[in-house]
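Visitor: Based on what follows, work out the 3D shape:
(2 chains)
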Amino acid sequence: MAQYSDEQIVEAIKTGGIALERVMAFVYNNSDFRTDIIRYIKSKGGTSEDAEDVFQDGIRNLIMSVRKNKFRGESTIKGYLFGVCRNLWFKQFNRHVRSEQYKASLETDATDHADPEIVLVTEERAQLIDQILGKLGPACQKVLNLWRLSYSMKEIAQELGYKSDGVARKKKHQCFQGLLGLVKDNPSIVNLLREAP
Amino acid sequence: MSQDPFYNQIEDYLNGNLSATEQTAFETAMQTDAALAQEVEDNRLALEALDLLVERSLKDRLQELQSAREQKERFTRKPFRIVAIAASFALLIAIAAYLITKQGYTDEALFAANYEQVQGDNNRGSDQVNLQLSSGIEAFNAGDWALAIDALAAISSEDSNFAEAQFFIGQAHLELQQTKSARTAFQYLVDQQDVRYGDRAAWLIGLSYLLEGDELKARTELGTIAEDTTHAFSDRAKQLLKKLDSFWR
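Guide: Okay, here's the model as predicted:
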């Protein structure tokens, strides 16, 4: 597997498409990124499954943050991932744990590292928005998802079995117009989308 | 799609792909064109909604990577499982080999391995005693042990063929697993120090005890033979005693 510097990781995420696919696999399988996070979550009462989930959410947060131009690059990717995962775990625990002492210990940890922003949408909001997006149909969801991840029209055509990149472009345009229509016709989704994540 | 060039720039504006000049012009246009501003806002919200799809697809992809990783880890651990399975098989084979080998060291197996039936010559003289001996040996050679015993038992202890008759009577009783009767016949030959059959008879007495599972008496008989270096079965008795002391028993 190719090795990436921090700068190359950010660049590949911005580029999207196949480059993003590859760098995501690199980050996920990089034990240097993974080990400390898994150990930390376990040391804070999490199970192996919790640690795995938080690590994956941390990677998603990194990708979304870079693609939304919210990644400030103030720390290394390793430090960023650790900070995000610690915050995600704190956020998750904050909902369930009443022990102020435990919360205080997590907050103390938080001061030792960079404090990256959580950009992932909450599950509650995701479900509501999902109901609206469901009206688009799976084919449109796929083409728009790939387009939003910066796959080229040629790659989208290959991925989804369209005859040409022209067909993919046309399909994307139709689907995006459909999505715009849904947004315009649903004030509830507009309100949800306007809320901070 | 609107013919207004600004409407075609909405996507680039939202993705930050406009130059500084283009961006300034675009934002100025938005201030004067409420419809354009609304269209930009709707596009922004649509892209926000799309990001939810992207998050979902990233989650799916990461779960695929997790599955692949777990599968790889299982594969990596596989050699250890193979070693464990191989070790189990090796253990089973060792146990089976032990049991099979052990079977070769039972009293019965040691008797069978050391007992050699001696067949007789049934072409004798035409006198009555020789005829009697010949018919007994003929029956013995044919495997009719009971008939052989009957025919040979008819030979008197006064007759010159009596010792030979006792030897075949002893062997016939051994074949019938009548060990006590066999020993009676063989003992006569031992006591007489019969040159032809004495040593073999002593050997067969030892084996007869093995056949009936009396290891102690077998050891005693075999020990006597082994100690007598002039005895024809001395070496074989030593070897058999070693096997009786074997780990495999």
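Visitor: alpha carbons only for contacts and neighbour counts from here, please
Guide: OK.
Visitor: you'd agree B:Val129 is up against B:Asp159?
Guide: Yes: the criterion here is Cα atoms under 8 Å, and B:Val129 meets it with B:Asp159 at 7.4 Å.
Visitor: neighbour count winner among those two?
Guide: B:Val129 (19 against 11; other Cα atoms under 10 Å in any protein chain shown).
Visitor: give me phi/psi at that one?
Guide: Note on B:Val129: backbone dihedrals following degrees, to the nearest 10 are phi -70, psi -40.
Visitor: Can you give me the distance of the residue lying closest to it once chain neighbours are set aside to B:Ser135?
Guide: With Cα to Cα, 6 or more residues apart in numbering or on different chains as the criterion, B:Val129 has its nearest non-adjacent residue at 6.8 Å, and that residue is B:Ile155. Relative to B:Ser135, B:Ile155 is positioned 11 Å away (Cα to Cα, to the nearest Å).
Visitor: Which SSE is immediately downstream of the helix or strand bottoming out on mean pLDDT in chain A?
Guide: Here the helix or strand of chain A ranked lowest by mean pLDDT, DSSP states H and E is helix A:100-110, holding a mean of 58. Once helix A:100-110 ends, the next helix or strand along the chain (criterion: DSSP states H and E) is helix A:123-133.
Visitor: Check chain A and tell me which residue is nearest its centre.
Guide: Residue closest to the mean C-alpha point of chain A, counted by Cα atoms, centre = their mean, is A:Arg60 at 2.8 Å.
Visitor: If we go by neighbour counts, what in the host helix or strand of it is buried?
Guide: Per DSSP H and E, A:Arg60 falls inside helix A:48-67. By 16 or more other Cα atoms under 10 Å in any protein chain shown, the buried positions in helix A:48-67 come out as A:51-67.
Visitor: restrict those residues to those near chain B?
Guide: Near chain B, taking Cα under 8 Å from any Cα of the partner chain as the test, the members of the buried residues of helix A:48-67 found are A:56-57, A:60, A:64.
Visitor: returning to that earlier point: any idea how far A:Leu192 is from the residue nearest to the centre of chain A?
Guide: To A:Leu192, A:Arg60 is 21 Å away according to Cα to Cα.
Visitor: try A:Ser164
Guide: 36 Å.
Visitor: With B:Asn123 instead?
Guide: 119 Å.
Visitor: where in chain A is pLDDT low?
Guide: A:1, A:94-115, A:124, A:128, A:195-197 (pLDDT under 70).
Visitor: one more time with 50
Guide: Counting by pLDDT under 50, chain A shows low-confidence ranges at A:111-112.
Visitor: Near chain B, which residues of it? Just list them.
Guide: Residues of chain A lying near chain B (Cα under 8 Å from any Cα): A:25, A:28-29, A:56-57, A:60, A:64, A:120-121, A:126, A:129-130, A:133, A:141, A:144-145, A:148-149, A:179-180, A:183-184, A:190, A:193-194.
Visitor: isn't B:Ala165 right next to B:Ser156, touching?
Guide: No: using Cα under 8 Å, B:Ala165 is not in contact with B:Ser156; the gap is 9.4 Å.
Visitor: And for B:Ile95, the neighbour number?
Guide: B:Ile95: 12 neighbours (other Cα under 10 Å).
Visitor: SS state for it?
Guide: helix (DSSP: H, G, I helix; E, B strand; the rest coil).
Visitor: do the same with A:Gly73
Guide: Applying three-state DSSP: A:Gly73 is coil.
Visitor: tally of neighbours for it?
Guide: So A:Gly73, with other Cα under 10 Å, has 13 neighbours.
Visitor: what are the phi and psi angles of it?
Guide: Torsion angles, degrees, to the nearest 10, at A:Gly73: phi 70, psi 30.
Visitor: need the contact list for it.
Guide: A:Gly73 sits next to no residue when contact means Cα atoms under 8 Å, 6 or more residues apart in numbering or on different chains.
Visitor: can you tell me how far it sits from chain B?
Guide: Shown here: A:Gly73 relative to chain B, a distance of 18 Å by Cα to the nearest Cα, to the nearest Å.
Visitor: What is the neighbour count of B:Leu189?
Guide: Number of residues near B:Leu189 (other Cα under 10 Å) recorded here: 25.
Visitor: again with B:Asn130
Guide: 18.
Visitor: just B:Glu48 next, same as before
Guide: 16.
Visitor: do B:Gly143 as well
Guide: Residues near B:Gly143, counting by other Cα under 10 Å: 13.
Visitor: Check B:Thr21 too.
Guide: 8.
Visitor: What distance do you get for the residue nearest to B:Val129 to chain A?
Guide: From B:Ile155 across to chain A, the span is 93 Å (Cα to the nearest Cα).
Visitor: Could you report the pLDDT at that residue?
Guide: The per-residue pLDDT reported for B:Ile155 equals 92.
Visitor: Looking at B:Ile155 and B:Ser135, which has the bigger crowd around it?
Guide: Per other Cα under 10 Å, whichever of B:Ile155 and B:Ser135 has more neighbours is B:Ile155, with 22 against 19.
Visitor: OK, contacts around the more buried one?
Guide: B:129, B:132-133, B:161-162, B:165.
Visitor: change it to 10 Å
Guide: B:128-130, B:132-133, B:136, B:161-166 (Cα atoms under 10 Å, 6 or more residues apart in numbering or on different chains).
Visitor: Flag the shaky bits of chain B, pLDDT-wise.
Guide: Looking along chain B with the criterion set at pLDDT under 50, you get B:1.
Visitor: which bits of it sit near chain A?
Guide: Contact residues, chain B versus chain A (Cα under 10 Å from any Cα of the partner chain): B:1, B:15-16, B:38-39, B:41-59, B:61-66, B:69.
Visitor: measure the residue of chain B most remote from its centre to chain A for me?
Guide: Distance from the C-alpha centroid of chain B peaks at B:Thr32, with 92.3 Å (Cα atoms, centre = their mean). According to Cα to the nearest Cα, B:Thr32 stands 21 Å off from chain A.
Visitor: ok, now B:Gln119?
Guide: From B:Gln119 to chain A the distance is 80 Å (Cα to the nearest Cα).
Visitor: Just say helix, strand or coil for that residue.
Guide: Following three-state DSSP, the label given to B:Gln119 is coil.
Visitor: and A:Glu21, what is it in contact with?
Guide: Per Cα under 10 Å, 6+ apart, neighbours of A:Glu21: A:12-13, A:149, B:58, B:61-62.
Visitor: what would those residues look like in a markdown table with distance to B:Ala218, neighbour count and secondary structure?
Guide: Listed next are the contacts of A:Glu21 as a markdown table, based on distance: Cα to Cα, whole Å; neighbours: other Cα atoms under 10 Å in any protein chain shown; DSSP: H, G, I helix; E, B strand; the rest coil:
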| residue | distance to B:Ala218 | neighbour count | secondary structure |
| --- | --- | --- | --- |
| A:Ala12 | 88 | 21 | helix |
| A:Ile13 | 89 | 24 | helix |
| A:Leu149 | 91 | 24 | coil |
| B:Leu58 | 83 | 23 | helix |
| B:Arg61 | 79 | 16 | helix |
| B:Leu62 | 77 | 22 | helix |
